[in-house]
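Asker: generate a structure from the sequence data that follows.
(one chain, ligands or ions: 3)
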Amino acid sequence: MSGTTTTTGAPRALHSNDPCWCGSGRKYKRCHKMTEGKVLPGRVGPMRTVPDHIAKPPYADGTRVPRQPEAAVKSPEIIERMRTAGRLAGEILAEAGAAVAPGVTTDEIDRVVHEATIARGGYPSPLNYGRPPYPKSVCTSVNEVVCHGIPDDRPLADGDIVNVDVTIYIGGVHGDTNATFLCGDVDPLSRKLVEVTRECLDRAIATVRPGAAFNLIGKAIEDHAHANGFGVVRDFVGHGIGEQFHTDLHIPHYYDPRYTLEMEEGMTFTIEPMITAGGWHIGKIWDDGWTAVTADGSRTAQFEHTILVTASGAEVLTALR
Ligand code: MF3
Ligand code: CO
Ligand code: CO
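Answerer: Ligands and ions are numbered 1, 2, ... in the order given. Just a heads-up that it's a prediction; the model follows:
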């Protein structure tokens, strides 16, 4: 087979129990049927470097940093810094989205994000974050990859949908935003999935105001996804954000009637629904320790903003302004 990442070309008439077309002697269903049209791991290039003059989060040098207690309600001074981080994250995401095209590798998207982040004086928050240490500067999640896809040498194909998840650390705080982009000529169902997912995020943001229960977010998302025949991923949630990339505040995107905690003015958190064309269950995480795919191989889309609760509603800190 040519190409290292996606296999195609099985004759249509082949049935599951027929011998595979590749001559392996295995049943088709146990051989190429498992990977057809699927995103496969590619080669991940070396970690990119960040110049000395850029201020780095504590985990950047490999130090293991346990999660610190962090107030959910931010001071006006921190909020001002988060406005800056959010605006810059939005700009970088737009630059990355403009680079999405058939033939462009996800590693090239990583280069664009890395350089755009440093050009603004920031550190790309994903780099060396978490366990195992995340090896790249952005997450690129293609087709059935739900989130945390690692940029590699796979060229984007005509018809792919690709989520680019950008986080910048600048001024001592993080700004986190993502969007799903269409690559070339995308089929109608995938386009609808992407559109409905964006609407889910918009509807969720519209519930935000002081005194509102956090479960309104999941209710708004779930109602709209289900009305369109789509699933809502439960294994990954939105999160409190500020001086740390992820705080212990959780924002489920599904409806949990018991989650009656109320939003307060000055809270900052992300909303980042992952919506599936098929089932919402996650399959086995790849051996890279990060890449999450749908269990049934169905496509999935995501949009994310970092939100501030204001006196009267929400301010979208990562909006393009
Ligand atoms: N940006 C992702 C989020 O929305 C987190 C990525 S963690 C990484 O929460 F290490 F994979 F970058
Ligand atoms: Co996030
Ligand atoms: Co993100």
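Asker: contacts and neighbour counts: CA atoms only from here.
Answerer: Will do.
Asker: now for the closest residue to ligand 1 within the chain: which residues touch it?
Answerer: At 3.4 Å from ligand 1, residue 126 is the closest residue in the chain, using C-alpha to the nearest ligand atom. Listed by C-alpha atoms under 8 Å, 6 or more residues apart in numbering, the contact partners of residue 126 are 134, 135, 136, 137, 138, 139, 167.
Asker: and it, what element?
Answerer: According to DSSP states H and E, residue 126 maps onto no helix or strand at all.
Asker: ditto for residue 301
Answerer: Residue-wise, residue 301 maps onto strand 300-302 under DSSP H and E.
Asker: got the contact list for that strand?
Answerer: By C-alpha under 8 Å, 6+ apart, strand 300-302 touches 143-146, 161-163, 178-180, 193-194, 197-198, 272-277, 294.
Asker: and stretch 214-228, average pLDDT?
Answerer: Mean pLDDT, computed over stretch 214-228, is 99.
Asker: off-centre distance for that stretch?
Answerer: 19 Å (C-alpha atoms, centre = their mean, to the nearest Å).
Asker: per-residue pLDDT of the closest residue to residue 20 other than its chain neighbours, please?
Answerer: Leaving aside its chain neighbours, residue 20 sits nearest to residue 28 (3.9 Å; criterion: C-alpha to C-alpha, 6 or more residues apart in numbering). With respect to pLDDT, residue 28 scores 92.
Asker: how about the helices in the stretch 101-250 of the chain?
Answerer: 106-119, 188-205, 215-227 (DSSP state H, counting those that start in this stretch).
Asker: not counting sequence-adjacent ones, nearest residue to residue 220?
Answerer: residue 204 is the one closest to residue 220 (C-alpha to C-alpha, 6+ apart), at 5.5 Å.
Asker: could you do residue 56 as well?
Answerer: residue 123 (6.1 Å).
Asker: low-confidence stretches in the chain?
Answerer: 1-12 (pLDDT under 70).
Asker: longest helix of this structure?
Answerer: Criterion DSSP state H: the longest helix present in the chain is helix 76-99.
Asker: would you mark the buried spots in that helix?
Answerer: For helix 76-99, the neighbour count (16 or more other C-alpha atoms under 10 Å) marks 78-79, 81-94, 96-97, 99 as buried.
Asker: same deal with stretch 162-178?
Answerer: The neighbour-count criterion (16+ other C-alpha under 10 Å) identifies 162-178 as the buried residues of stretch 162-178.
Asker: which of those fall in strands?
Answerer: 162-170, 173-178 (DSSP state E).
Asker: restrict those residues to contacts with ligand 3.
Answerer: 165, 176 (C-alpha under 5 Å from the ion).
Asker: contacts for the next helix or strand after the strand holding residue 301?
Answerer: Next in sequence after strand 300-302, counting helices and strands by DSSP H and E, comes strand 305-309. When contacts are defined by C-alpha under 8 Å, 6+ apart, strand 305-309 is touched by residues 86, 175-178, 205, 208-210, 241, 263-272, 314-319.
Asker: sheet-wise, list the partners of strand 305-309 with their directions.
Answerer: strand 268-271 (antiparallel), strand 314-316 (antiparallel) (DSSP bridges).
Asker: out of those, which comes closest to ligand 3?
Answerer: Of all those, strand 268-271 sits nearest to ligand 3, with 8.0 Å by C-alpha to the ion.
Asker: chain center to that closest one: distance?
Answerer: So, by C-alpha atoms, centre = their mean, the centroid of strand 268-271 is 14 Å from its chain's centroid.
Asker: what about the residue in the stretch 1-150 of the chain that ligand 3 sits nearest to, neighbour count?
Answerer: Residue nearest to ligand 3 within the stretch 1-150 of the chain (C-alpha to the ion): residue 139, separated by 8.0 Å. For residue 139, the neighbour count with other C-alpha atoms under 10 Å is 28.
Asker: for it, which residues are in contact?
Answerer: So residue 139 contacts 110, 126, 147, 148, 149, 150, 151, 163, 164, 165, 166 (C-alpha under 8 Å, 6+ apart).
Asker: quick one: contacts for the fourth one?
Answerer: This points to residue 148. Counting by C-alpha under 8 Å, 6+ apart, residue 148 has contacts 139, 140, 141, 290, 291, 292.
Asker: and the first one, by the same measure?
Answerer: Under the criterion of C-alpha under 8 Å, 6+ apart, the neighbours of residue 110 are 136, 137, 138, 139, 151.
Asker: what does the last one give?
Answerer: The contact partners of residue 166, taken as C-alpha under 8 Å, 6+ apart, are 89, 92, 93, 113, 124, 138, 139, 176, 177, 178.
Asker: what residues are bridge-paired with it?
Answerer: residue 177.
Asker: quick one: contacts for the closest residue to residue 106 other than its chain neighbours?
Answerer: Distance criterion C-alpha to C-alpha, 6+ apart; nearest residue to residue 106, sequence neighbours excluded, is residue 151 at 4.7 Å. Applying C-alpha under 8 Å, 6+ apart to residue 151 gives the contacts 44, 105, 106, 107, 109, 110, 136, 138, 139, 140.
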